[in-house]
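Asker: Sequence and predicted structure below; questions after.
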Amino acid sequence: MRTPPNERLTSDIAEARRPRKTEPERRCILSGETAPRDTLVRLVASPAGLVLPDAQEKAPGRGAWIGVSRDELADAQAKGRLKGALSRAFKTSDLELAENLPELIENALTRVLLDRLGLEMRVGSLILGTQRIAETARGGAVALLLHARDASEDGCKKLDQAWRVGRQSEGSGERGLELPLDRDALSVALGRDNVVHLALADEAAAARVMKALARLTHYLGHDLPAADGRVSARA
């Protein structure tokens, strides 16, 4: 039986979302739960003891991992549990936490996602423009379909339908993902006017974008999309 374009050999979404055995995991210092590293946020302490987000995971030295949502983090900080957990993780009580640390983390994760979209646009992996996305989607060449948070329902439905047609999955209810960003943020970041819908045809590029999107989505307290971003209700 022929496999539809861009379709997995299995439609078991639970299996697609299950971490691979080789996928690195980290333990959240607040919840104590272990989860795939790509869904957690790394915090680091400067030489002066200031705790900052390391969204790129490139800062040297010891790190502490957070796997809770922004609201849960803010609550833990207000009750003093966050500083206690960080003191144990960094083995020092000489730490300084900014009052707006939850906001700093969200901003850092958002910047990583926007930077990734910008990089994909510069190398030609990002598809913009409703008409171009629709044509590419109907041809079965879209791996990941994204909508701005303030995109119109009608516009989303038309592109979602074109995507399902190209994937030969009409009637499945599959939809593109709603980004936690509005069209103004996308337009400024990409240097284009009125960016409302985006698509990626390249599987590797889609995976890179999904890594940044999944981490931000998780931190904001929304359900994580499917591992490849193909089958998910908009958050």
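Answerer: Thanks, I have the structure now.

Asker: For this protein, which segments are assigned as strands?
Answerer: Remark: strands assigned in the chain by DSSP state E are 25-27, 34-36, 41-45, 51-53, 63-66, 126-128, 144-147, 177-178, 197-200.

Asker: In a markdown table: those strands, plus distance to residue 138 and mean pLDDT.
Answerer: C-betas here are computed from N, CA, C, even on glycine. Output for the strands of the chain, formatted as a markdown table (distance: least, C-beta to C-beta, whole Å; pLDDT from 0 to 100):
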| stretch | distance to residue 138 | mean pLDDT |
| --- | --- | --- |
| strand 25-27 | 39 | 94 |
| strand 34-36 | 34 | 92 |
| strand 41-45 | 38 | 96 |
| strand 51-53 | 40 | 96 |
| strand 63-66 | 41 | 96 |
| strand 126-128 | 13 | 96 |
| strand 144-147 | 12 | 96 |
| strand 177-178 | 19 | 94 |
| strand 197-200 | 12 | 97 |
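
Asker: Residue ranges in this protein under the pLDDT threshold?
Answerer: Applying pLDDT under 70 to the chain picks out residues 1-22, 224-235.

Asker: Where is the longest helix in it?
Answerer: Longest among the helix segments of the chain by residue count, using DSSP state H, is helix 101-122.

Asker: This protein: helices as residue ranges?
Answerer: 13-17, 70-78, 81-90, 101-122, 130-138, 153-166, 183-190, 203-219.

Asker: Single out the most deeply packed of the ones you listed.
Answerer: When you average the neighbours per residue for each of these (mean count of other C-beta atoms under 10 Å), helix 203-219 leads with a mean of 20.
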